[in-house]
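[1] Sharing a model that was predicted from the sequence below.
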Amino acid sequence: LYRLAAQSDAGTDVKTLGEQIFRELAALLPVTNYCLALRDEDTGRITFPVYQDERKKEPVASPQGKSLADYVLQTGCCFRLSRPGAVAELQTAGILPPGAETRDWLGVPLRHGTQTFGLMVAQKYGEEPPFGLEEENLLMYLANQVAGMIRRKLVEEDLRDHAELLRQAQKMEALGRLAS
């Protein structure tokens with residue numbers, strides 16, 4: 001956590017911080033398929049600043065509101081596919097299950113106060129053993145610790161974007177005065 005805190009204080013962006021988070025996670029837990037998913041507050045669209053999957057180059061698009069990521073974002077709760085009753089829970093909620101090749105899927109919410117703004121996901125394929133409660137608790141703990149760091153990076157990026165828009169508007173205004 002110390003290394004992550006130092007990284008978050010450095011002039012990094014969300015993608016770089018997310019990559020560092022998963023490098024640290026991989027030191028604790030054998031994870032090769034993972035992603036950091038964030039929900040855009042304005043559009044509700046899910047983006048993936050960090051996405052690493054041995055079988056898929058890009059996230060598979062699902063109808064909005066029907067993916068496992070949507071489910072974690074909607075409920076604000078951790079979801080582990082290998083947990084007893086998990087598949088039935090998805091069916092009841094109308095959520096599309098992952099592909100047949102998925103051995104396990106573990107998603108934990110990133111929260112700021114009561115708002116869920118993203119999630120961290122780890123996924124396993126084939127014959128790998130499924131995630132257990134210990135891995136779930138570890139990922140939840142990490143998510144709780146880094147959510148504030150990620151949120152701060154998102155705010156910093158928004159501020160930079162708004163500052164750039166302001167600079168452009170000021171340039172346009174100056175050009176308009178020169179032209180008149």
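    Happy to help now that I have it.
[2] Give me the pLDDT value at G176.
    Looking at G176, its pLDDT stands at 79.
[3] just V108 next, same as before
    As predicted, V108 sits at a pLDDT of 96.
[4] from memory it sits against L119, does it?
    Yes - applying C-beta atoms under 8 Å, one finds V108 in contact with L119, separated by 6.2 Å. Any C-beta I mention is one placed from the backbone N, CA and C, and that applies to glycine too.
[5] which one of those two has more residues nearby?
    The residue with more neighbours, out of V108 and L119, is L119; 28 against 25, by other C-beta atoms under 10 Å.
[6] is the more buried one in a bridge, and if so with what?
    On the basis of DSSP bridges, L119 takes part in beta bridges with A37, P109.
[7] Show the pLDDT at it.
    pLDDT, the model's per-residue confidence, is 94 for L119.
[8] For it, give me its contacts.
    Each residue near L119 by C-beta atoms under 8 Å, 6 or more residues apart in numbering is listed here: L36, A37, A69, V72, L73, G107, V108, P109, L110, A143.
[9] Just send those residues back as a markdown table, with distance to L175 too.
    Compiled in a markdown table, those are given as follows (distance: C-beta to C-beta, whole Å):
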| residue | distance to L175 |
| --- | --- |
| L36 | 40 |
| A37 | 40 |
| A69 | 44 |
| V72 | 47 |
| L73 | 43 |
| G107 | 48 |
| V108 | 49 |
| P109 | 46 |
| L110 | 42 |
| A143 | 47 |
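[10] returning to that earlier point: shared neighbours of V108 and L119, anything?
    Any residue near both V108 and L119 by C-beta under 8 Å, 6+ apart counts here, and that gives V72, A143.
[11] Just the strands from the chain, written as ranges.
    Along the chain, the segments classed as strands by DSSP state E run 33-39, 46-52, 79-80, 102-112, 115-125.
[12] residue ranges of the helices in the chain, please?
    Secondary structure of the chain by DSSP state H: the helices cover 2-9, 14-28, 68-75, 86-93, 133-179.
[13] what's the most buried one of these?
    helix 68-75 (a mean of 20; mean count of other C-beta atoms under 10 Å).
[14] Output the contacting helices and strands for it.
    Helices and strands touching helix 68-75, as assessed by 3 or more C-beta pairs under 8 Å, 6 or more residues apart in numbering; DSSP states H and E, comprise strand 33-39, strand 46-52, strand 79-80, helix 86-93, strand 102-112, strand 115-125.
[15] Of the ones you listed, which is nearest A169?
    Taking C-beta to C-beta as the measure, those were each checked against A169, and strand 46-52 came out nearest at 25.9 Å.
[16] How far does that closest one sit from its chain's centre?
    From the chain centre to the centre of strand 46-52 is a distance of 6 Å (C-alpha atoms, centre = their mean, to the nearest Å).
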